[in-house]
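Peer 1: give me the fold of what follows.
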Amino acid sequence: MLHRGHEPADGADDGELTVPMAWFYAEYIADELLRTGDLMPPTSFEFRAGRDALALTIFLSDTDGELPGIRVVTQLETWLSLTAYDQPWQDWVRERMAQLAAGAAGSTDPAPDLDLASAAWRWLEETELLAPDLNAVPGGAGTGEEEGPKVWTPAWQLGLPLGHLAIHLF
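Peer 2: Model (predicted):
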């Protein structure tokens, strides 16, 4: 099995599968950060949204093509700044995805990492989860629910603050 950085030197793929190690590693780091924070059950859609948002942040912030390995702790500040509330994270994701796609378009090598990152981004954008309405007026027209009003929210809007908090708790 091959992974990025270990392709055959002669350019032949010999029918080998290219393993998306960069994406798997980003997903693993994100999963560990969220599990350590113990914010949501790992089987929930909210956990998946947090994991995917964090994995995208980790994967896309790797501009050198080498994930930090044991230097993960040195990247926490970068990830915190990218996931902060006042940052246009979704615009940054779109720009980085377009840059990576443009780079992959000129290559004959498959881009399985980018394919998985694209699938995660598509899920985060297209999936809506029912969440508390944080913009609701406290004590306003009551819904009769103890939890307050809820609204359908894009998954990335739930996952991003969850991921940000998980980094803080780490």
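
Peer 1: flag the shaky bits of this protein, pLDDT-wise.
Peer 2: The model of the chain has pLDDT under 70 over residues 1-17, 64-72, 107-110, 134, 136-147.

Peer 1: quick one: the helices in it?
Peer 2: For the chain, helices defined by DSSP state H occupy the ranges 21-37, 45-60, 72-83, 89-105, 112-126, 155-169.

Peer 1: ok, which of those comes nearest Pro132?
Peer 2: helix 155-169 (9.9 Å; C-beta to C-beta). For every residue, glycine as well, the C-beta is placed using N, CA and C.

Peer 1: got the contact list for the closest one?
Peer 2: Contact partners of helix 155-169, identified using C-beta atoms under 8 Å, 6 or more residues apart in numbering, comprise 30, 33-34, 36-37, 39-40, 45-54, 57, 76, 79-80, 83-85, 89-90, 123-125, 127-129, 131.

Peer 1: again, only this time at 6 Å
Peer 2: 33-34, 37, 39, 46, 49-50, 53-54, 76, 79-80, 83, 89, 124, 127, 129, 131 (C-beta atoms under 6 Å, 6 or more residues apart in numbering).

Peer 1: what subset of the residues you listed is buried?
Peer 2: Buried residues within those, counting neighbours by 16 or more other C-beta atoms under 10 Å: 33-34, 37, 39, 46, 49-50, 53-54, 79-80, 83, 89, 124, 127, 129, 131.

Peer 1: residues near Asp91, how many?
Peer 2: 9 (other C-beta atoms under 10 Å).

Peer 1: quick one: it from Trp156, how far?
Peer 2: To Trp156, Asp91 is 12 Å away according to C-beta to C-beta, to the nearest Å.

Peer 1: can you check Trp23 too?
Peer 2: On the measure of C-beta to C-beta, Trp23 and Trp156 end up 17 Å apart.

Peer 1: if we can go back for a sec, comparing the helices of the chain, which comes out most buried?
Peer 2: Greatest average neighbour count among the helices of the chain goes to helix 45-60 (a mean of 25), per mean count of other C-beta atoms under 10 Å.

Peer 1: send the alpha carbons of it over as CSV?
Peer 2: The C-alpha trace of helix 45-60 is given here as CSV (Å, rounded to 0.1, in the frame of the first residue of the first chain):
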residue,chain,number,x,y,z
PHE,A,45,-23.9,13.9,14.6
GLU,A,46,-22.6,16.9,16.6
PHE,A,47,-19.4,14.9,17.3
ARG,A,48,-19.0,14.1,13.6
ALA,A,49,-19.5,17.8,12.7
GLY,A,50,-16.8,18.8,15.2
ARG,A,51,-14.4,16.1,14.0
ASP,A,52,-14.9,17.0,10.4
ALA,A,53,-14.5,20.7,11.0
LEU,A,54,-11.3,20.1,13.0
ALA,A,55,-9.9,17.6,10.5
LEU,A,56,-10.5,20.1,7.7
THR,A,57,-8.8,22.8,9.7
ILE,A,58,-5.8,20.5,10.5
PHE,A,59,-5.6,19.1,7.0
LEU,A,60,-5.9,22.5,5.2
